[in-house]
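Trainee: I would like to see how this sequence folds:
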Amino acid sequence: PKGTMAFTGKYEFEGDENYDAFVQKIGLPSDKIEMGRNCKIVTEVVQNGNDFTWTQHFPGGRTTTNSFTVGKEADMETMGGKKFKATVKMENGKLVAEFPNYCHTAEISGGKLVEISTSSGVVYKRTSKKIA
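Mentor: As a prediction, the model looks like this:
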């Protein structure tokens, strides 16, 4: 069985695939698209059983934090800063969340944080390496 603390750590952006196609598909404004391209986002995850605090630190000091409990509805914020409600599920060791216009999964694979967002057939993959 996987350890319950599998996600806890600090991860730095390493690379992504299909960024432009995806952010255009979800309607991110062009200034946000430029800001996010190859952005050295540091993702900090604190997992305590089924409770998660998921913080993204952007260059320049901006942060976004989503706190949630697996299986319970929570207030969340999208990449574009929109607020919404979602219930995060755990499936085969992956966190799965339905955002307003995309589905997001996150898993730890080979010691890296691998996040996949899918919107109308466009798959965006972001990989971050563990730094703490």
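Trainee: And the next helix or strand past the lowest-mean-pLDDT helix or strand in the chain?
Mentor: When the helices and strands of the chain are scored by mean pLDDT, DSSP states H and E, helix 30-36 comes last with a mean of 83. The helix or strand immediately downstream of helix 30-36 is strand 42-48, counting by DSSP states H and E.
Trainee: Who are the packing partners of that next one?
Mentor: Helices and strands touching strand 42-48, by 3 or more Cβ pairs under 8 Å, 6 or more residues apart in numbering; DSSP states H and E, are strand 9-17, strand 51-57. All C-beta spots, glycine's among them, are computed from the backbone N, C-alpha and C.
Trainee: I'd like the mean pLDDT over it, please.
Mentor: Per-residue pLDDT over strand 42-48 has a mean of 96.
Trainee: Could you provide the helices and strands packed on strand 42-48 in a markdown table, with additional columns for mean neighbour count?
Mentor: Listed next are those as a markdown table, based on neighbours: other Cβ atoms under 10 Å:
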| stretch | mean neighbour count |
| --- | --- |
| strand 9-17 | 17 |
| strand 51-57 | 17 |
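Trainee: could the ones you listed go into JSON lines alongside mean pLDDT?
Mentor: Below are those laid out as JSON lines (pLDDT from 0 to 100):
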{"stretch": "strand 9-17", "mean pLDDT": "96"}
{"stretch": "strand 51-57", "mean pLDDT": "95"}
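Trainee: so can I have CSV of those strands showing distance to residue 45?
Mentor: Listed next are those as CSV, based on distance: least, Cβ to Cβ, whole Å:
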stretch, distance to residue 45
strand 9-17, 6
strand 51-57, 6
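Trainee: what about those strands, which gets the closest to residue 91?
Mentor: Closest approach to residue 91 among the helices and strands packed on strand 42-48 (Cβ to Cβ): strand 51-57, 14.7 Å.
Trainee: what angle separates that closest one from strand 9-17?
Mentor: Taking axes from the mean of the first three to the mean of the last three Cα atoms, to 10 degrees, strand 51-57 and strand 9-17 form an angle of 60 degrees between their directions.
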